[in-house]
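> Everything below, folded, please.
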Amino acid sequence: NGKGSPREALLNPLLFINNSGAGESYRSTLQSVISGVGELDIEKDTLKKADPQAKDTPYPDCPFLLLDVRDRDAYDQCHIVGAHSYPIATLSRTMNPYTNNILEYKNAHGKIIILYDDDERLASQAATTMCERGFENLFMLSGGLKVLAQKIPEGLVTGSLPASCQSAAPTGSARKKAAPKAPPARAENKWRFTADDLQKMKYYLEEEQIPSDTASRLSRGSSGRDSKASAARSNHSLPGATGSATSLAARSLSSSSLQNRPWK
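Model (predicted):
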């Protein structure tokens, strides 16, 4: 800056770096700039702040986009963890009927879009409309929340399931009086599964596999005489059976009789 003579400062750079000069603060020296005093690592601080809120954001690079096509009130009452609210009425908009998430997942390589509702009625309508508009990676949750409540009643859903999706309660005036109906719980605003949720889902999935394995072992151990008798009884009951009796008789058919008869 033209002050003083440059004889020693230019000959020895260390003297110039360490010399703060009169009236200068410590942070204004060249040494402080080199050592990084007063600098801020924006990327590092941003990652530290984002970690505690990671559970409140969707999973990064998730291979599927889950859309709840029911109305917003039903979504706020109960929905699958990680699902986005997309009421079917949004499809009738003239301008911008799709969100940025939907456009990002539309026909994207390695990614799918899944629609669901209570019992497939709304989801099938929305899926038909979206397929007609060029969606090729669209899927629908089979059975909706009604089947999901039977298979995995806990862990996968947040909030209280609708009454139409819950299993029928036992009838009886005494039972109704003894167990008053509690107000339904609102759905939490969470996008990720907790360790407890994963443990519950694992339990129900294992329980779902046990009956089939047990039935297969019992069928392999049964004698030919028992299988013939059950087949005869079922064949006799099929012509006059209706409703639940037909389904029970159909389940009791042996594998050989199913192969010989056309299944409708």
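
> In the chain, what helix or strand scores lowest on average pLDDT?
helix 244-251 (a mean of 42; mean pLDDT, DSSP states H and E).

> Can you show me the CA trace of stretch 96-105 as PDB?
The C-alpha trace of stretch 96-105 is given here as PDB (Å, rounded to 0.1, in the frame of the first residue of the first chain):
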ATOM      1  CA  ASN A  96     -50.500 -28.800 -13.900                       C
ATOM      2  CA  PRO A  97     -52.300 -31.900 -12.900                       C
ATOM      3  CA  TYR A  98     -49.100 -33.600 -11.800                       C
ATOM      4  CA  THR A  99     -46.700 -32.800  -9.000                       C
ATOM      5  CA  ASN A 100     -42.900 -32.500  -9.500                       C
ATOM      6  CA  ASN A 101     -42.500 -35.900  -7.900                       C
ATOM      7  CA  ILE A 102     -44.900 -37.600 -10.300                       C
ATOM      8  CA  LEU A 103     -43.100 -36.000 -13.300                       C
ATOM      9  CA  GLU A 104     -39.800 -37.100 -11.900                       C
ATOM     10  CA  TYR A 105     -40.900 -40.800 -11.600                       C
END
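
> outside of it, which residues touch it?
Here stretch 96-105 makes contact (C-beta atoms under 8 Å, 6 or more residues apart in numbering) with 65, 67, 84, 86, 90-91, 106, 111-113, 137. (C-beta placed from N, C-alpha, C; glycine too.)

> what about the protein, any weak spots by pLDDT?
Residues of the chain that meet the criterion pLDDT under 70 lie in 1-31, 33-54, 167-183, 211-264.

> What segments of it are helices?
7-11, 13-18, 30-35, 42-50, 72-77, 100-105, 121-132, 144-151, 173-178, 195-221, 224-237, 244-251, 255-260 (DSSP state H).

> dump the residue contacts of residue 159.
Residue 159 neighbours (C-beta under 8 Å, 6+ apart): 76-79, 184-188.

> Who are the contact partners of the nearest residue in space to it that is not next to it in sequence?
Distance criterion C-beta to C-beta, 6 or more residues apart in numbering; nearest residue to residue 159, sequence neighbours excluded, is residue 187 at 3.0 Å. Listed by C-beta under 8 Å, 6+ apart, the contact set of residue 187 reads 75-79, 158-159.

> out of those, who's nearest residue 128?
Of all the contacts of residue 187, residue 128 sits closest to residue 75, with 21.0 Å by C-beta to C-beta.

> How many residues are close by the closest residue to that closest one other than its chain neighbours?
Closest residue to residue 75 apart from its sequence neighbours, by C-beta to C-beta, 6+ apart: residue 85 at 4.2 Å. A count of neighbours around residue 85, defined by other C-beta atoms under 10 Å, yields 16.

> thought residue 85 was touching residue 74?
No - Residue 85 lies out of contact with residue 74 (C-beta atoms under 8 Å); the separation is 9.1 Å.

> Roughly how far does residue 204 sit from residue 159?
To residue 159, residue 204 is 18 Å away according to C-beta to C-beta, to the nearest Å.

> Pull the contacting residues for residue 87.
Residue 87 is in contact with 69-72, 75, counting by C-beta under 8 Å, 6+ apart.

> hmm, 6 Å instead?
residue 71 (C-beta atoms under 6 Å, 6 or more residues apart in numbering).

> mind checking the backbone torsions on it?
Dihedral pair for residue 87: phi -60, psi 150, per degrees, to the nearest 10.

> For residue 32, see how far away it is.
Using C-beta to C-beta, we find residue 87 at a distance of 57 Å from residue 32.

> Likewise for residue 136?
To residue 32, residue 136 is 59 Å away according to C-beta to C-beta.

> now do residue 153
From residue 153 across to residue 32, the span is 62 Å (C-beta to C-beta).

> try residue 118
64 Å.

> the more surrounded of those two?
residue 118 (21 against 16).

> For the more buried one, give me its contacts.
Residue 118 touches 144-146, 165, counting by C-beta under 6 Å, 6+ apart.
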